[in-house]
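J.: Just need the structure, nothing else, for what follows:
(chains A and B)
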Amino acid sequence: MHIETQAELLKLGRLLEIDENQLAFLDGQDLGALAAFRSSVSTFFYSQHQDSYQRLAGISKLVPTGASAKLATSVLGSVLAAGIASELPADRAIKLADKLPDEFLAKLCIHLEPSQSRDLLAAMPDKIVSRVAQTLLAMDEHITLARFVAVIKPSALAAITATVDSGEAMVKIALYLEDKSKLDILLELLSEDQQRATVKAATDHELWPAVLSLNGHINTELRGQMGNMVAEQGEAVLSHLIEVASEQRLWTNLLQAVNAMDNQHQQNIVNLETLRKTPVMESLVSTVTEENSWDELLDLLPLMDQAHLTPALSVLTGSQAASLAPALENAHDSKLLGLFGHLPDNAIADMANAIKANASSQWQAFVSRNGDAHEIEALQAQIN
Amino acid sequence: MSDSISTLKQKGFPADALTFIESLPADQASQLADAVLAALSTKDTRVEKAMNNALNVVPGPFRRPVKKMLFG
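T.: Predicted coordinates for the structure are as follows:
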């Protein structure tokens, strides 16, 4: 199951108070549709009890905040207190929060309905948010912390991130972010040591699928920065990373990361022994075809040495030759010219035969656009 | 249509969420609707219990007006 689907089902399972494995039948559903469904159900649940929350909030307003806090912890419990907090004016809720024990407040935050608590969390003072965040971190409540990231003030977010020293927590919070466009902001707040901790956590806690998947959401500069840190991990880690990309079909994410790395790191990765394995290369080519990420792959093929390029071309002209048609249709011409211009002499005949058998019309169209390109002279001569 | 889906409709379950459930194969739709209803029932019980607990700690003379505020 894709790591982001796992994360989504975990969130839905929490809402429905069941183990996420009981929702495994939803694997394959559109992620956006699943998230929208969860959001609707969460709002529906809240609306079913909103009247009760409003009545209890009305009573809470009649007694001193100290007494309200006592009532909340001793009688109501964190679930109901979360509903009531959302119905209180923000200033009253903040005064109440200041009188609640950190652990109770943290549990209350777990049960806040996102659509109803956005304004309250945004108004909450940094010192309270930081206290609660530390407690949530100690409780491994990464889903709740991820919800915080989206709504708390930038100053509070900076205060929290400065104190997080667990790479595992950082990766999981990032994975559970509802709005992945916040990922850049979050990563930029991390020190270099913290960023390195996330890379180390990926190895130590088997979080490479999450890291690879998240890589697809960050900007090119951060991708390069993080990519270089990954590339420094050594051959064993990088080989494992390739196996994860192959198993989880996260090739496009990996290719994007490699393309953003420094050239020396790129050369090291594309020439790893693991990439010479036929099943790995077949998985790479089939995923690239499926996700139309040819441009990402074609930039890297010319960096392969002969020992790696030969098996790659063998897959491309053999078991995956059908992928040549979509490649010729969808890849950028200049990148295809880079590949064809880099073909070893002994691979030209195989490529010509594969094109004739699988992508004849696409090749004609390609030639009509690039007929004068010297990179395809030898190949064109063989095809004719 | 399963009983659970009908019940959700009667309870005013959001149309977009209902559409999602109904887009699933029948057995999965029924399973998901059952899970939503079970969760709702758990949450109903929890809220009702907490409301009664809140009422129980109210001193005797105030209990009647508070009860009216809580339960209408």
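
J.: Check which residues of stretch A:112-127 are buried.
T.: Buried residues in stretch A:112-127, defined by neighbour count with 16 or more other Cβ atoms under 10 Å in any protein chain shown: A:112-114, A:116-118, A:120-121, A:124, A:126. For glycine as for every other residue, the C-beta is placed from the backbone atoms N, C-alpha and C.

J.: Where does confidence bottom out across those residues?
T.: Lowest-confidence member of these: A:Pro114, scoring 79 (pLDDT).

J.: so what's that one up against?
T.: If a contact means Cβ atoms under 8 Å, 6 or more residues apart in numbering or on different chains, then A:Pro114 has A:39, A:42, A:147, A:178 as its contacts.

J.: Ok, A:Met304 next?
T.: A:270-271, A:275, A:312.

J.: Narrow the residues you listed to those that are buried.
T.: With neighbours counted using 16+ other Cβ under 10 Å, those contain these buried positions: A:270, A:275, A:312.

J.: pLDDT and distance to A:Val63 for those - can I get that in a markdown table?
T.: Below are the buried ones among the contacts of A:Met304 laid out as a markdown table (pLDDT from 0 to 100; distance: Cβ to Cβ, whole Å):
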| residue | pLDDT | distance to A:Val63 |
| --- | --- | --- |
| A:Val270 | 94 | 68 |
| A:Leu275 | 92 | 68 |
| A:Ala312 | 90 | 72 |
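
J.: near chain B, from those?
T.: For chain B, no contacts are drawn from these by Cβ under 8 Å from any Cβ of the partner chain.

J.: hang on, the earlier thing: could you single out the nearest of the buried residues of stretch A:112-127 to chain B?
T.: When the buried residues of stretch A:112-127 are ranked by distance to chain B (Cβ to the nearest Cβ), A:Glu113 comes first, at 11.2 Å.

J.: biggest separation within the buried residues of stretch A:112-127, which pair?
T.: Using Cβ to Cβ, these reach their maximum pairwise distance at A:Glu113 and A:Asp126, which is 22.8 Å.

J.: Contact partners for A:Arg369?
T.: By Cβ under 8 Å, 6+ apart, the residues touching A:Arg369 are A:Asp333.

J.: That one: helix or strand, and which one exactly?
T.: Here A:Arg369, judged by DSSP states H and E, is contained in helix A:360-370.

J.: Alpha carbons only: can I get that helix in PDB?
T.: Written as PDB, here are the backbone C-alpha positions of helix A:360-370 (Å, rounded to 0.1, in the frame of the first residue of the first chain):
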ATOM      1  CA  SER A 360       7.200   3.100 -35.900                       C
ATOM      2  CA  SER A 361       4.700   6.000 -36.300                       C
ATOM      3  CA  GLN A 362       6.000   7.800 -33.200                       C
ATOM      4  CA  TRP A 363       9.500   7.600 -34.600                       C
ATOM      5  CA  GLN A 364       8.400   9.100 -37.900                       C
ATOM      6  CA  ALA A 365       6.800  12.000 -36.000                       C
ATOM      7  CA  PHE A 366       9.900  12.400 -33.900                       C
ATOM      8  CA  VAL A 367      12.100  12.400 -37.100                       C
ATOM      9  CA  SER A 368       9.900  14.900 -38.800                       C
ATOM     10  CA  ARG A 369      10.500  17.300 -35.800                       C
ATOM     11  CA  ASN A 370      14.300  16.500 -35.500                       C
END
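
J.: Tell me which residues of it come out buried.
T.: Buried-residue list, helix A:360-370, by 16+ other Cβ under 10 Å: A:362-363, A:366-367, A:370.

J.: do the same with stretch A:292-306
T.: Going by neighbour count (16+ other Cβ under 10 Å), the buried part of stretch A:292-306 is A:293-301, A:303-304.
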